[in-house]
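**Q** Take a look and give me a structure for this.
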Amino acid sequence: MNLIIQGGALPTFLLDRILAATGASAAEPLPPQVVRLRDARRTAEFDALIPLIDAEKLDWAFIAAGRKLSDFGLICFDMDSTLITIECIDELADFAGKKAEVSEVTEAAMRGEIDYRESLRRRLALMAGLDARVLARVFGERLLLSDGARELLEAVQNAGLRTAILSGGFTYFTERLRIELGFDFATSNELEISGGKLTGRVVGDIIDAAAKAHHLGRLRDELGLRKDQVIAIGDGANDLMMMAEAGLSVAFHAKPATRAKADVAINFGGLDALLNLFED
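**A** Alright, predicted model coming up:
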């Protein structure tokens, strides 16, 4: 295994302790601000150093030596707070004057404290009667891509990976992002609109954690890929089932429960930090 540490200057004292803790055979500096430790082993001694690494705001990950981005065939992104910086439902709620109430439920759902289906029903019900024109305002005024999103997408597309957005969010946003960014697939919930206003419901079945995992598996099988050829990136508890269906699961600026179960956690860097894990 290789250990990749990135995101800033790695103090010499800490590098020396990491080398001793992991038994790495060599430390290779790679621009910009990346160190690859070859033949490293994750040990209890390394785990004891994690608080020091975190204090330096450095991201780290163990990954199989020689792994290339082109070894993969599919990468799947959650949308809200992963591909983009906002939770769209919270911003819609802001226009309804109920952001605090909805955000509280959103956070509980992302921590895994409330079933996602139930949380979505509760949040949408608070927005019944909201003018549907606010969807365009949220997209135009508040939606921002996460740092490194465009760079990561360009790299994976150039490497031949197919790309998908699998989201418990809304088609109004996922479809626009799919077209704008050139994603191959997108799946999410369709808001029900009647008389130009949100009804507080979705059309058809709710896309929840199980549905996201199902769609990842469906895409993987349709593309003739193995599990180890799939990357899944998410931030919340409702992403864990999807991430479990992938060979490489990535927690991006994620909740603690999600970080704990992911293969890789990016806590400080942008999405393009994922690219530094792979060899040319």
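**Q** neighbours of Ala265, just the number please.
**A** 20 (other CB atoms under 10 Å). C-beta here means a position set from N, CA and C on the backbone, and glycine is covered the same way.
**Q** helix or strand for it, which one?
**A** Here Ala265, judged by DSSP states H and E, is contained in strand 264-266.
**Q** is it true that Leu274 touches Ile266?
**A** Yes: Leu274 is in contact with Ile266 according to CB atoms under 8 Å; the separation is 6.6 Å.
**Q** The stretch 51-200 of the chain: strands as residue ranges?
**A** 59-63, 74-77, 162-170, 185-194, 197-203 (DSSP state E, counting those that start in this stretch).
**Q** Mean confidence (pLDDT) on the first one, please.
**A** This points to strand 59-63. Strand 59-63 shows a mean pLDDT of 97.
**Q** what do you get for the third one?
**A** pLDDT averaged over strand 162-170 equals 96, rounded to a whole number.
**Q** Paired strands for it, with orientation please.
**A** According to DSSP bridges, strand 162-170 forms sheet pairs with strand 74-77 (parallel), strand 185-194 (parallel).
**Q** mind listing what's buried in stretch 98-105?
**A** Lys98, Lys99, Val102, Ser103, Val105 (16 or more other CB atoms under 10 Å).
**Q** Just give me the residue closest to the centre of the protein.
**A** In the chain, the residue lying closest to the centroid (CA atoms, centre = their mean) is Gly234, at 2.7 Å.
**Q** now, of the strands paired with strand 162-170, which is deepest in the fold?
**A** Most buried of those, by mean neighbour count (mean count of other CB atoms under 10 Å): strand 74-77, with a mean of 27.
**Q** looking at the chain, which residue lies furthest from center?
**A** Gly195 (34.8 Å).
**Q** Pull the residues that contact stretch 235-246.
**A** If you take CB atoms under 8 Å, 6 or more residues apart in numbering as the criterion, stretch 235-246 is touched by 76, 78, 81-82, 109-112, 116, 166, 168, 208-210, 212-213, 216-217, 220, 227, 230-234, 249-255, 257-258, 261-262.
**Q** from these, which would you call buried?
**A** Buried among the contacts of stretch 235-246 (16+ other CB under 10 Å): 76, 78, 81-82, 109-110, 112, 116, 166, 168, 208-209, 212-213, 216, 220, 230-234, 249-255, 257-258, 261-262.
**Q** all helices for this structure, in order.
**A** 12-22, 44-47, 50-55, 88-95, 99-110, 116-125, 134-137, 149-158, 171-181, 209-222, 240-244, 256-261 (DSSP state H).
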